[in-house]
Structures are given as C-alpha cells and as structure tokens.
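Asker: Okay, structure incoming, though there's no sequence with it:
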C-alpha cells in the first residue's frame, strides 16, 4: 500500500479511537500537545477519506469528531436489545419542533402542535441530552426557550443543524414562520385567494363529494 | 487502489470496533450469521495487515481479537499536563537546611528553622525529586533522615554539595544580615517578600499556612 | 366520504386510535392527510365534515371525548356555517381567513410531523451506527513541576541562619545624666543656700531637651535620696505644682 499514514494522522486516529467522547479540533490540538488547529483539520480530512470505504467511518457532528460504524452495516450490529430510547410521538414531535425552530418557548411549541405539552415530554428530551434550556425570551413573562445540544446532532448523525432533513425547503416554503406571519403574507396576496379557484377542481372532485369549497394558497 | 476492503472485512472491522469485549474467531463467525471460521480468519488477517502501519492495531490476545492503540502511541492515552510552580518560601528553607546539613531528621530541621514544618513541605520536596529519605537516625524514636538527590544538584546547577556557598560567603554576601530580616518583617508577610517570587503567591500562601508567621523577633 | 366497507373499519380505527391523537389538531391533520392531496389544496369544508362525522360516531359509540375535541367540533361547525353564508353578512375576520389560518396551522404541524419522521429515520447512534464498544479513554494527569533557583536557596538558608543566630543587643549612646552625677550636682548646689529652690533650677541650662529630661529624672531621684539621708527637704504645694527643695540645717529632724 502506498498510503503510509503520517505521524499526525496516526496520532489523531489513535486519539479519536481511544476517546470516550467526540472531540473538537481544538480539543484534539490541545491533547496532541498544542498543535495548530489547521494541522489537525488537515489530518482529520485525510483520515476521513481513508475511512470512507471501510467498515468504520470518521464523522463530524456539531463540530466534534468521532469514529462510528458504517451505516450500511447496521443490520450486522443491531443487538438483540435495542439500545436506543424509544420516544413517544409527542416527544418526537416536540424534538423536531425544537430542532427546526430553535430556540423556541413552550408556548410556541404548543401553538404549533395545538395541544398542551406535558412536563414529562421536555424532561425526557433533556434527560436524553438532546435538548437544553437556552435562556429566556425577552417578552412579557420571560418564557424559557429551548434549543438542541451537540449530543442531539451526534445522535442523529447531523454535521450541523443545516443538515436537518428538508430544513431548507421548509424555510423556503415559509413553514418555519409563525402562522401570523404566514397569514399576513397570504392576506397581502388576497387577490389570488379565491375559494372557487378552478385550478383545484379536478383534484378536489376526486376526493370530495361535490360540495367543493376547497381553497388553496397559490 | 487494490485496498478497497471486502464486505466481510468491513463487517469484521465494524463488529470488532463496536464490540465491548475482544471476540474469538468463532464468536465473530456466529455473530456475522454463521460464517466459516476460516473465512473470518482470513478477513482478520487482511485487516491486521491493513492496520499494521496505522494509529490503531488489530491484535489477538489469548485467541480473541480486538482493536487497540498502537503501542508507540500509548503515551497519547495518558497525557501529562505539566504545571510549573515556584517552590514556596517554607519549602525552600527546608530544602536549604537539608542541603546544608544532610542527612537531617525533621526534628532537626525544625530546630534549625525555629518553626514547625508541615508534613506537606517535605512531600513537595520529595515530589519535586530533590529530597529523599535516607534511612533512620539510630537514636530513640529512630526518626527518618532526609538528604538531597542528584536531581537536586542538577536543578540548582551544582557539581556537588561542596559547591554550596559556605557561611562566611553568605555573610560576605549580606545574606546573614539580620537587618534584612527585620526589614522584611517590618514590611509584613514574611512569606511573600521574595523578589523572585513572581506568580506563585497563592502557592506560597497555601504552603506556608501561617508557618512562617510563627516567629518574630524575640 | 369513504367507501362503506372502510367506514366501518375507520370508526374502529377511531376508537382504537383516540389515545394516539395528540389533540384535535392532530386528528384534523390525520383526516386532512386522507384527502390525499397537498395540504395547500385541502378542502376545509370536506375536512370539517369529516371531523364532525368522526365526533358524531364517537358520540354514538359513547366514547369519552376530551373537551378540546368537542370545542374544536363546535368551532368547526361555526366555521362551516360561516363559510356557507352569503359573503356580505360576514364579520371580521372573515371565515375564509379563519379557514386559511386553520390550513396554515395544519401545514405547519404536518411539516413538523414529517420532519420528525425523517429525523427518526436517520442513522442513529446505538441503532444504526455504533461507537467504539470499549474505548481505552483519554486521561490527562496533572503533574506539578517545581522550580527554584540557587539564589532562592542560599537566601533562604541565610535567612534561617540569621533568624536563629544568637543575638547581641546594642543600645545606642544617648545623652543621659547618671544618678551619681545628679546627686553630686544637687548636693553641691544645695550647699550654696538655705532658701527653697525649684528642682528645675538644678538642670544644666544649655542642655539638649533629651539631656534635660534625663537630668530632671536623675535630679528628682537624687533629691529623694538626699531627703532620705536627711540632708534636704522637699515641698510641693499641689499635684503638678513646682517641686521645691532646700537644705536641712545640720541636726534638724527630718
């Protein structure tokens, strides 16, 4: 083999292999005796491409690096007992809302879900280490706002929040904006807001029993 | 590149990576869905040679396989962080007494210093590697006696203890002048009055712990 | 709405699933999804009918419905009638606005539900990908390196020696009048007269203040000594008044 690994590459490899927690570039640089972060970054990148085809991968999650098994081998490694906490539907939705909207207050979460959030739901997410209180919103009542943690990114295999599935599309469609804002935007274009919009007739006719008052946003 | 890892090689790699304990060839074969041990053995051998130059090695111990940090990088696992601290005033005095009078017992040190010496002071000197116990004095109670080490000579740039300036030289240098001391006392905080004592006030305060405050002009 | 054979199954599904819905909005979203169109193109009136239908059937099955499901039903019934009213009788906000708002909320909830599903479907640690089972762990041991130098060492030793060396005290030479010389002086001066004299008169006139102080003390003690010997007598009229002294005639009683 021609790709004899360099000294720094080997050192980073060994350190991340032995580490019990993911490590940031800075933590690695410090651990390896005060190196330049840029050097470490380069070694990481070489290592990452070395491992890309292998049974274990080197990945970055929320600015921290670790080794993990290749996702396509999941079937070989799944244990008899599931190690992953099974989340309730409520918790799953609350987690998604926090991740896509962060930081959000509980009231904002509730207004999206249309239902009160039991205290236990947030507790479960905080206990899992995926959600943390992130200060207070400076509005009357100063509600606590919540955000996700680096462990959240880690667990769900996200390099950063930008990797949240579909977040760009949701943002572009305005679906991450509050209803009030969307209302204003829609009312601004009231001219096009026509309950009898004929474009939808064909579609609606399939589903509905003739009493078609379906309206759509353009 | 010829080193595109095979499916079985990747599977063994990931399995051993994720395993909490070293695994035998048979356990691996069973885990991977009832393979022939010979196949697994071959994959292990290919893997082992792949990792031979890397920061982690695949090793067999007592018939069971696991990954471990390359032996030449073991020092990365236990990193020592050095913290340089200046010897406290009390410790310096004790060290000087040992150097001039060795071997001396603690009681002798105290009688020369005129103040009690905390146990921690001798510990610090031994930790620094400058002082060692040098047997016991054959008197009632058989007290431990202390002497300096070669490291002591090294650190202080001495060829031998004979290079320590004699009492007459100290006097000539004004180091035995009681006026200095009176002035120092007048300036308060005996322990602090050290022109060389730059950063370690806190240390001195810890070490001295009132010890030096104990004497005053008779 | 649904083919008759599936309607039966649906009401069972409702019965079974009531616990599963996270409130009326969730139920509405579920119903809206069954319209199998983009949520932006959903028919609100059809949705209202479906919801009311479910609530009715749940009532027929005597299911306990949480209050918020009934509140939603009442609101939807109102929305439906408003939507069907002639436009000129409509209030502000218009029923279309209310319907739009409902639709926007459903879209947002729908988006989050979908996002949650996609999130949960990712390769998760401990389920799809695994970390190293037995990492050696990294440890950082703090080690103190002590530093000192030759000067500090010999200075410390010098101070120890200086501190414990035997001490000799010198008292600086100060101007004093000894008792002996005061005695001599006072006796001599008393010999000159039999009159009372103030003790201050005995002090050397040109002495420094320090010497005067010493002389005063010595002369006082000398006066007491002479009184004791019976060669002088002392007199003072009051506290802090001038102290006077005169020679006793020889033979007179003390």
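Answerer: That came through, no problem. Not measured: the values here are computed from a predicted model.
Asker: how about the residue nearest the centre of chain A, phi and psi?
Answerer: By C-alpha atoms, centre = their mean, chain A has its centre lying nearest to residue A:164, at 4.0 Å. Reported as degrees, to the nearest 10, the phi and psi values for residue A:164 are phi -60, psi 130.
Asker: Could I get the average pLDDT for the longest strand along chain C?
Answerer: The residue-count maximum for a strand in chain C (DSSP state E) belongs to strand C:139-147. Strand C:139-147 shows a mean pLDDT of 81.
Asker: quick revisit: list the contacts for the residue nearest to the centre of chain A?
Answerer: Shown in contact with residue A:164 (C-beta atoms under 8 Å, 6 or more residues apart in numbering or on different chains): A:99-100, A:158, C:115, C:119. C-betas here are computed from N, CA, C, even on glycine.
Asker: Going by distance to chain B, which of the residues you listed wins?
Answerer: Proximity to chain B was ranked across these by C-beta to the nearest C-beta; first place goes to residue A:158, at 20.6 Å.
Asker: Kindly provide the distance from the closest one to chain C.
Answerer: To chain C, residue A:158 is 7 Å away according to C-beta to the nearest C-beta, to the nearest Å.
Asker: isn't that residue right next to residue C:125, touching?
Answerer: No. The pair residue A:158 / residue C:125 is not scored as a contact, 11.2 Å apart, by C-beta atoms under 8 Å.
Asker: Could you tell me which ranges of chain A sit under the pLDDT cut-off?
Answerer: A:1-3, A:79-84, A:189-218 (pLDDT under 70).
Asker: tell me the domain ranges of it?
Answerer: A:7-74, A:85-206 (automatic domain parsing).
Asker: separation between the nearest residue to residue C:83 once chain neighbours are set aside and residue C:44?
Answerer: Using C-beta to C-beta, 6 or more residues apart in numbering or on different chains and skipping the chain neighbours, the partner closest in space to residue C:83 is residue C:95 (4.7 Å). As judged by C-beta to C-beta, to the nearest Å, residue C:95 and residue C:44 stand 9 Å apart.
Asker: who has more neighbours, those two?
Answerer: residue C:44 (25 against 21; other C-beta atoms under 10 Å in any protein chain shown).
Asker: The more buried one is in contact with residue C:102, isn't it?
Answerer: Yes. Residue C:44 is in contact with residue C:102 according to C-beta under 8 Å; the separation is 6.5 Å.
Asker: anything in contact with each of these two?
Answerer: Contact criterion C-beta under 8 Å, 6+ apart; residues shared by residue C:44 and residue C:102: residue C:79.
Asker: after the lowest-mean-pLDDT helix or strand in chain C comes which helix or strand?
Answerer: Least confident helix or strand of chain C, by mean pLDDT, DSSP states H and E, is helix C:4-17 with a mean of 44. The helix or strand immediately downstream of helix C:4-17 is helix C:24-34, counting by DSSP states H and E.
Asker: Show me the contact partners of that next one.
Answerer: Residues contacting helix C:24-34 (C-beta under 8 Å, 6+ apart): A:113-115, C:21, C:39, C:42, C:47, C:50-51, C:54, C:68-69, C:71-73, C:102, C:105-106, C:109-110, C:113.
Asker: Show me what from chain A comes close to chain B.
Answerer: For chain A, the residues in contact with chain B (C-beta under 8 Å from any C-beta of the partner chain) are A:1, A:4-5, A:9-15, A:17-18, A:31-32, A:53-56, A:67, A:69-70, A:73, A:76-77.
Asker: do the same with chain C
Answerer: So chain C meets chain B at C:130-134, C:136-165, C:167 (C-beta under 8 Å from any C-beta).
Asker: which residues touch the lengthiest helix in chain A?
Answerer: Secondary structure of chain A per DSSP state H: the longest helix is helix A:37-51. Applying C-beta under 8 Å, 6+ apart, the external contacts of helix A:37-51 come out as A:3, A:5-6, A:8-9, A:11-13, A:25-26, A:28-29, A:32, A:57-60, A:65, A:67.
Asker: for that helix, which positions count as buried?
Answerer: A:40, A:43-44, A:46-47, A:50-51 (16 or more other C-beta atoms under 10 Å in any protein chain shown).
Asker: Could you report the pLDDT at the closest residue to chain B within chain C?
Answerer: Residue of chain C nearest chain B, by C-beta to the nearest C-beta: residue C:158 (3.0 Å). You'll see residue C:158 listed with a pLDDT of 84.
Asker: and the host helix or strand of residue C:47 with chain A, contact?
Answerer: Residue C:47 is located in helix C:44-60, with elements delineated by DSSP H and E. Yes. Interface with chain A: helix C:44-60 contributes C:44-46, C:49 (C-beta under 8 Å from any C-beta).
Asker: Now do that helix: which elements does it pack against?
Answerer: helix C:4-17, helix C:24-34, helix C:67-84, helix C:95-120 (3 or more C-beta pairs under 8 Å, 6 or more residues apart in numbering or on different chains; DSSP states H and E).
Asker: Lovely, talk soon.
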